[in-house]
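> Build me a structure from this.
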Amino acid sequence: MPGILLYCNGMKPKFKIKLQYDKKNNIWAAIAIILAVVMYVTIDFSIVALIAYGFLYYLVKSLHLELDDRCPWLWTLILFIGGSCLTTFSIQYMLLDPENFTRTTYEKLFLNVLCCLIVYFVVQIFTNNSGLTCIIAHVSLLSFGFVDYFVYLFRGNEFTFSDIRSIGTGLSVAGNYKLQLNDRGVYVIFLAALFIAFVRKWHVRFTGKIQMRVISVMAIALSCVIIAANAYDVNTETWEQKGTYRNGYLLNYVLGIRDSFISAPEGYSKDKIKELEKTYQSDKKDYSTTNEKAKNPTIIAIMNESFSDLSVLGDLQTNMPLTPFIDSLKENTTKGYALSSVFGAKTPNSEWEFMSGNSMAFLPMGSVVYQQYISDTPTTIVSNLKDDGYTCIAMHPYYETGWSRNLVYPHIGFDEMHFIDYFDQTKILREYITDQELYDKIIKRYENRKNNEKLFFMGITMQNHGGYTETYDNFPENYYKVGRSYTDANQYLSLVHESDEAVKNLISYFSKVDDPVEIIFFGDHQPSLNSNFYPILNGKGLTGLTEDELEKLYTVPFFIWTNYDTPEETVDITSLDYLSTMALERAGIELPAYNKFLADMQEVVPAINSRGYYSKSKGCYLHIDEAEGEEKEWIEKYHMLQYNSMFDKKNRSSFFFPYNLKSK
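Prediction:
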């Protein structure tokens, strides 16, 4: 076979390839085919692929390559780029089904190739052998991909950098699962065998080890710069396989590493935290808003999936009132609107803001606390109520692996956790268990409480989850926007009314019981609807919005109702991180130090989220870096306390965050 001519330093190094018969190749090919047949017996894949693999493996083993020694770096670069492309393709192909496989953009795939290339050059520094480097790098990265493949099978979420900390737990339960490889995984193994057989023919060695190491370091540095420049504003995705098809698995993993390193806020120190401790150690202020008789009520928190009031976006006229019952609540009710930090997705961030009192304002955009930042037991409303003798119960009528709740809830400290199997599977609206079924289970557990048992419920509904484009025999869509609208919007509006009816039944029941009861209800985020629907409401759509207009997309309704006397109050705007403090105040429970801080901060900064905050002094929404004066001081103190709680484990304040330390 004629050689292929390339230019290198003015020379024409030759690359020759030819077939060469060797009896040993027959043996190797036979072994490879036998192993493939064994796989075929246990895994269902195409017989054509098996035959093609056997033929190609024999062909590759019969190849004889002659490389010109004058330009080893050129052959190495060609091999590494080709190998990196193959590694990226193999991982993506193995992890994604055909529909999602084509969704990754070429730009993101290029960045994934660079991630692979970095690994190749790192290995090359130590081996100084291009063929061996390719084998080590490809097999290592592919094994990494297989780890994600099996982790996703086990729990429905991808393997991320934050999972490294819990790898021992994962290994301890791995034996309870059956390892099942799909046909794509088999084909990737075949490709790897062919690649390894090929690179073993690729004999390139460097006499100047220092020169090659310098070139490798330069290539690594250049790749890192390109990745950093192109991925600085790319969000880490952690829901199901969004990370793999939106960013590419390797890039998404790297982004997870980036987001795991949270810097201390400017001016942060142990002394600053001590100053804040002194302020609240001497604080004698009474934060309670209720009477002594109502102390220690049953507390029910409901985070309602995608529940919102779309009229905050503009003029929304419907054929019938959507939420007549919630709108009618006045007596013993605090109600209004709260800022969420998410829009259309990433529910657990709202859950976390409510329970912890912390804010997504100080974390990377797109991050998910449950899957990235919880490795021990945080101080939350759960820990505070447990210290007060409450039994804390979490209920969510969906799979326990969603957003890693099965791992996170034990850290948070719930005494009981109930997921989809706990609920009546016939109580379905569209494809999800109804709000009413969740509320019925809360009522049942309340009725079965022990004598003097104090209960806290954290209920996360599922009924209103998107999308909203399919039609269902079990769900008549009787509510709709008057005038121009879209089918998904009308389905969503009908779901909101169903939620209102379920709330009516829940409050109707607890209004008749003698024991004190408090119900906190809020939406986690607004729904993501057809983009053409939004211009109908706000005249602009989702782009070109002012800060005030943008924050309306992050606004959700809430109320706090009690069956005992509490002040009636309408709150124009607050945020989810304040709601648990407001709930404790109205429950007559003495506020822990951190909640006292939040109550005081709320008076100065009434609402804050991942987008910005509401400035009372200027009467508008601002970015956090635009804060001035007293507002800036409170936001800075808030940032420091949150950092101390979540990341400064060595110097964590036992005064503000005692429960974190109890877990150690």
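
> Can you report phi and psi for residue 559?
For residue 559, the backbone dihedrals (degrees, to the nearest 10) come out as phi -150, psi 150.

> Oops, could you answer that again for residue 439 instead?
For residue 439, the backbone dihedrals are phi -70, psi -40 (criterion: degrees, to the nearest 10).

> Spell out which helix or strand contains the spatially closest residue to it that is not a sequence neighbour, please.
Of all residues not flanking residue 439 in the chain, residue 506 sits nearest, at 4.4 Å (C-beta to C-beta, 6 or more residues apart in numbering). C-betas here are computed from N, CA, C, even on glycine. Element membership for residue 506, per DSSP states H and E: helix 487-510.

> In that helix, which residues are buried?
487-500, 502-504, 506-507, 509-510 (16 or more other C-beta atoms under 10 Å).

> Show me which residues of stretch 626-644 are buried.
For stretch 626-644, by 16+ other C-beta under 10 Å, it's 627, 631, 634-644.

> all strands of the stretch 201-350 of the chain, in order?
Along the stretch 201-350 of the chain, counting by DSSP state E, counting those that start in this stretch, strands occupy 298-304, 333-339.

> and residue 429, which of those strands is closest to it?
strand 298-304 (13.3 Å; C-beta to C-beta).

> Can you give the distance from that closest one to the centre of its chain?
23 Å (C-alpha atoms, centre = their mean, to the nearest Å).

> now for that strand, which elements pack on it?
Contact analysis of strand 298-304 by 3 or more C-beta pairs under 8 Å, 6 or more residues apart in numbering; DSSP states H and E lists helix 347-356, helix 435-447, strand 454-460, helix 487-510, strand 517-523, helix 576-586 as its packing neighbours.

> which secondary structure elements does the fourth one contact?
Counting contacts by 3+ C-beta pairs under 8 Å, 6+ apart, the secondary-structure elements packed against helix 487-510 are strand 298-304, helix 324-328, helix 435-447, strand 517-523.

> One more: the last one?
Using 3+ C-beta pairs under 8 Å, 6+ apart as the contact definition, the elements that helix 576-586 packs against are strand 298-304, strand 333-339, helix 347-356, helix 381-387, strand 517-523, strand 555-562, helix 593-604.

> Is it possible to get a markdown table of the strands of the stretch 201-350 of the chain that adds mean neighbour count?
Listed next are the strands of the stretch 201-350 of the chain as a markdown table, based on neighbours: other C-beta atoms under 10 Å:
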| stretch | mean neighbour count |
| --- | --- |
| strand 298-304 | 25 |
| strand 333-339 | 22 |
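
> closest to residue 413 out of those?
Evaluated over those, closeness to residue 413 peaks at strand 298-304, with 14.7 Å, by C-beta to C-beta.

> partners of the closest one in the sheet?
Using DSSP bridges, the strands paired with strand 298-304 are strand 454-460 (parallel), strand 517-523 (parallel).

> List of residues touching that strand?
347, 350-351, 354, 381, 385, 390, 435, 439, 442, 446, 454-461, 464, 499, 503, 506, 510, 515-524, 580, 583, 587 (C-beta atoms under 8 Å, 6 or more residues apart in numbering).

> and that strand, average pLDDT?
On average, the pLDDT along strand 298-304 is 98.

> then that strand to CSV, C-alphas only?
Taking Å, rounded to 0.1, in the frame of the first residue of the first chain, the C-alpha atoms of strand 298-304 are listed here in CSV:
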residue,chain,number,x,y,z
THR,A,298,-48.9,20.7,64.2
ILE,A,299,-47.0,22.4,61.3
ILE,A,300,-47.7,21.4,57.7
ALA,A,301,-45.5,22.8,55.0
ILE,A,302,-46.7,22.2,51.4
MET,A,303,-44.4,23.1,48.5
ASN,A,304,-46.8,22.8,45.5
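
> What residues are bridge-paired with the nearest residue to residue 515 once chain neighbours are set aside?
Of all residues not flanking residue 515 in the chain, residue 298 sits nearest, at 6.4 Å (C-beta to C-beta, 6+ apart). Beta-bridge partners for residue 298, by DSSP bridges, are residue 517.

> For residue 438, see how far away residue 298 is.
16 Å (C-beta to C-beta, to the nearest Å).

> buried set for whichever helix or strand residue 407 is part of?
Using DSSP H and E, residue 407 sits within helix 405-412. Using 16+ other C-beta under 10 Å as the test for burial, helix 405-412 gives 405, 407-409, 412.

> Next SSE downstream of it?
Downstream of helix 405-412, the next assigned helix or strand under DSSP H and E is strand 416-418.

> Residues in contact with that following strand: which ones?
Residues contacting strand 416-418 (C-beta under 8 Å, 6+ apart): 391-396, 400, 405-406, 409-410, 441.

> Validate this expectation: residue 621 resides in a helix.
No: counting by DSSP: H, G, I helix; E, B strand; the rest coil, residue 621 is not part of a helix but strand.

> distance of it from residue 543?
Distance from residue 621 to residue 543, counting by C-beta to C-beta: 17 Å.
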